[in-house]
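*Asks:* Give me a model of this one.
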Amino acid sequence: MKRQSPHLHHPSRKTSDSSPAIRAALIRNLMEAFVANHPARTESPAVAELARALRGVIPELGGNAIGTVRDDASRHTAGLAIDIMLNSKDPYQKGIADDIISALIDMQSKIRWHDILYTDWPDTTPGVPFHFHIPGGGGGYGGHLLQKNPNHNVALGRAHENHIHVDWVDFSLRIPGDSKFVYDWPSDARTMGFADGIQSRLMLSSRT
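*Replies:* Numbers count the residues shown, from 1 in each chain. A predicted model of the protein is given here:
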């Protein structure tokens, strides 16, 4: 008995007639998989969860008040950083920012962030900012862990007077010469399950 072609039994099965666009997309995805361990221009799970949690508990952080991925070949491009727009010169916003930073420090073992950047305005030196960073213990950041360390990069410090920067960057995972993925994601950047805890900590931070 003559054997029938399997395509006769599966008339809906697609074979080699896929469109050139589909084939090109598959090839591109395969090539990108060899470049980085994450999709391009995508928030890492930890960044996405922190952004959702903060928006959900602090009304002032709605709209564009939280920034994550942007196309500037930075750690933001890699999906590893979040900017929380709270101006250190505004007493009310600074109070919320201080609450967030305190919660992040206390919950670092659950959130696994690597570094924080922000600014204080000490009463002892009126008008003179204290630009600082707080290393969380991962990624190769130096300084005293979970404490405010001076940020001696003046330009970087000034750039972080109007927002908190939190990231999950690991410098050893930089992809040389790449501006699309920039960094591979460390395992800490895939941390999830902390949203309820940080929201509980910040329930009283906003007076709105």
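*Asks:* now the helices for this protein?
*Replies:* With DSSP state H applied, the chain shows helices at 6-9, 20-33, 45-57, 91-106, 108-111, 154-159, 195-201, listed in chain order.
*Asks:* Return the most buried member of those.
*Replies:* The densest packing among the helices of the chain, expressed as mean neighbour count by mean count of other C-beta atoms under 10 Å, is seen in helix 45-57 with a mean of 20. Using the backbone N, CA and C atoms, a C-beta is placed for each residue, glycine as well.
*Asks:* contacting residues around that one?
*Replies:* Contact with helix 45-57 is made by 43, 61-62, 66, 68, 79-82, 84, 100, 111-113, 166, 168, 188-195, 198-199, 202-203, 205-206, as judged by C-beta atoms under 8 Å, 6 or more residues apart in numbering.
*Asks:* can you do 7 Å?
*Replies:* Surrounding helix 45-57, the residues in contact under the criterion C-beta atoms under 7 Å, 6 or more residues apart in numbering are 61-62, 66, 68, 79-82, 84, 111-112, 166, 168, 188-192, 194-195, 198-199, 202-203.
*Asks:* can you give me the mean pLDDT across it?
*Replies:* Here helix 45-57 scores 98 as its mean pLDDT.
*Asks:* angle of that helix against helix 91-106?
*Replies:* Between the axes of helix 45-57 and helix 91-106, defined by axes from the mean of the first three to the mean of the last three C-alpha atoms, to 10 degrees, the angle is 140 degrees.
*Asks:* how many neighbours does the closest residue to Tyr183 other than its chain neighbours have?
*Replies:* Counting by C-beta to C-beta, 6 or more residues apart in numbering, Ala78 is the residue found nearest to Tyr183 once chain neighbours are left out, at 4.2 Å. Taking other C-beta atoms under 10 Å as the neighbour definition, Ala78 ends up with a count of 31.
*Asks:* And the helices of the chain: which comes nearest Pro135?
*Replies:* Relative to Pro135, the nearest member of those by C-beta to C-beta is helix 108-111, separated by 9.8 Å.
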